[in-house]
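Undergrad: based on what follows, work out the 3D shape:
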Amino acid sequence: MTLTKSKILSILLFLPCYLLQGQGLYYEYDDGANFVCISDDILAFVSPRGGYYYGNYSTEDTVIIPIKNILSDRNYTISTVSCDSSNMEIMVNYWEKPYYFGYSDNTNDTAMYLKNAERIGVYFGNNEFLASDYNGIITMDSDRLSMFEDSLHFYVYVDGGLFRADVTIPIKLGVRYCITQKQYGMYPFLIDDSASWFWPKIYYKKGRKTIVFEYGDELKVVYTLVGQSCSCLEEIRKRYTDL
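TA: Model (predicted):
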């Protein structure tokens, strides 16, 4: 009998997890709202303080070291409008909850709204940092842009908001880049000097039955081993469908 691609796919869908490549150990925190998954050389997690991560890692004894988040630029879309022809501009829209007296975090997502960030910070690889005024717009003139080549890579943060992003855009005068977060609370764990305050120490404990994210001496987030997962990538996509 000849197996077609569709038949092979059907067979794979019904194979048990332990027969598939990519099987990982799955840890949970906060009833599964946040997790850690480790499979071969892949680490994936969603952290209540550090955002999401998917990529390679290394270990030193019991310490787990993220190397590169390969999904760090997947949490936003970009659109453009015209601006002053002598400048290039950057602005951010992000999802927010309508906080008010008696509001509950359990409110359905339909209660959320898209907000124009009032203040953003942009960090460049040459250790340069720019902050907007309260109009939420970073403006760069031709003199500043001449320091770069054809494109600009930077990390952007919203002051007081659950958004940060890894962005690369072409350099074009007269263009305002509008960066829009895809989903509430969707932001990457970034491996760069600009975000070092987000970095926890990550390590195994209790014979690898728990994984701890330690943010200084005051806060520790403990993930408990639950079982196995067929795909660390799919575990992230359960939380953020657009990744």
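Undergrad: quick one, phi psi at residue 145?
TA: phi -70, psi -20 (degrees, to the nearest 10).
Undergrad: for residue 165, see how far away it is.
TA: According to CB to CB, to the nearest Å, residue 145 stands 20 Å off from residue 165. Backbone N, C-alpha and C define where each C-beta goes, glycine included.
Undergrad: what's the answer for residue 227, then?
TA: Distance, residue 227 to residue 165, using CB to CB: 33 Å.
Undergrad: which one's more surrounded, those two?
TA: residue 165 (24 against 9; other CB atoms under 10 Å).
Undergrad: next SSE after the host helix or strand of the more buried one?
TA: Per DSSP states H and E: residue 165 is located in strand 164-170. Next along the chain after strand 164-170, taking DSSP H and E as the criterion, comes strand 175-181.
Undergrad: and the helix or strand following that next one, what does it pack against?
TA: Note on strand 175-181: by DSSP H and E, the next helix or strand toward the C-terminus is strand 201-205. When contacts are defined as 3 or more CB pairs under 8 Å, 6 or more residues apart in numbering; DSSP states H and E, strand 201-205 sits against strand 63-69, strand 210-215.
Undergrad: let's go with 6 Å and repeat that
TA: strand 210-215 (3 or more CB pairs under 6 Å, 6 or more residues apart in numbering; DSSP states H and E).
Undergrad: now do the buried residues in the strand it packs on.
TA: For strand 210-215, burial by neighbour count (16 or more other CB atoms under 10 Å) applies to 210, 211, 212, 213, 215.
Undergrad: out of those residues, who's nearest residue 133?
TA: Comparing the buried residues of strand 210-215 against residue 133 with CB to CB picks out residue 215 as the nearest, at 30.6 Å.
Undergrad: how far away is that closest one from residue 189?
TA: 13 Å.
Undergrad: please apply the same query to residue 222.
TA: According to CB to CB, residue 222 and residue 189 sit 18 Å apart.
Undergrad: who's more crowded, the two?
TA: residue 189 (23 against 13).
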